[in-house]
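Engineer: Sequence first, then the predicted structure, then my questions.
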Amino acid sequence: MNSSVIIKSATSLNTLTLSEPESLKLPGGTEYFLATITGDNLAASAKIYSYQPRGHITTLFDSLAANWRGWSGEEQWASLEGELTLKCKWQKTGKVQIEITLLSGHYEDDWTVQIQVFIEPNQLDEIASEMRRFFLEDEIGI
């Protein structure tokens with residue numbers, strides 16, 4: 001079963017897609033997923049190491065959904081090796097701004113890509129649910 005989570009911007013073509021989970025739900029398995037960001041004339045992907053429970057991304061989106069009416073400051077999450085970073089801010093317009101940074105590696109000749117995704121607060125429950133499904137729920141037959 002190939003599951004994915006897609007976060008689409010309400011204001012542009014920018015998206016974040018998490019896909020191709022590799023043993024995310026198996027004890028002792030190699031835990032990776034593919035993160036892809038797309039936008040107008042942009043597409044970039046990187047394989048993300050996802051050792052958990054340290055800083056689990058589901059916790060971030062559960063918190064955002066619980067605080068859908070707004071919060072002060074910045075909520076953030078980063079993958080263990082820093083290849084994927086999400087910084088979330090509540091905007092006065094009522095939208096949630098997610099600044100997404102994707103790195104290909106940690107060497108000076110590796111690339112870095114950053115986009116902004118703006119989502120409506122009423123999307124937060126669904127995104128949180130999709131994140132839990134992607135990272136936590138058992139696959140059929142496992």
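Structural biologist: Good, I have the coordinates. Numbering: from 1, shown residues only.

Engineer: what about the helix ranked longest in the chain, average pLDDT?
Structural biologist: Counting by DSSP state H, the longest helix found in the chain is helix 124-135. The average pLDDT within helix 124-135 is 91.

Engineer: Give me the buried positions along it.
Structural biologist: Of the residues in helix 124-135, Leu124, Ile127, Ala128, Ser129, Glu130, Met131, Arg132, Phe134, Phe135 count as buried by neighbour count, 16 or more other Cβ atoms under 10 Å. Where C-beta positions appear, they are placed from N, C-alpha and C, glycine not excepted.

Engineer: Please look at the first one and Val96 and confirm they touch.
Structural biologist: Yes: with contact defined as Cβ atoms under 8 Å, Leu124 reaches Val96; the gap is 6.9 Å.

Engineer: residues shared between the contacts of those two?
Structural biologist: Leu64 (Cβ atoms under 8 Å, 6 or more residues apart in numbering).

Engineer: Please name the residues that touch the closest residue to Ser63 other than its chain neighbours.
Structural biologist: Closest residue to Ser63 apart from its sequence neighbours, by Cβ to Cβ, 6 or more residues apart in numbering: Glu75 at 6.2 Å. Applying Cβ under 8 Å, 6+ apart to Glu75 gives the contacts Leu60, Ser63, Leu64, Lys87, Cys88, Lys89.

Engineer: Perfect, that will be all.
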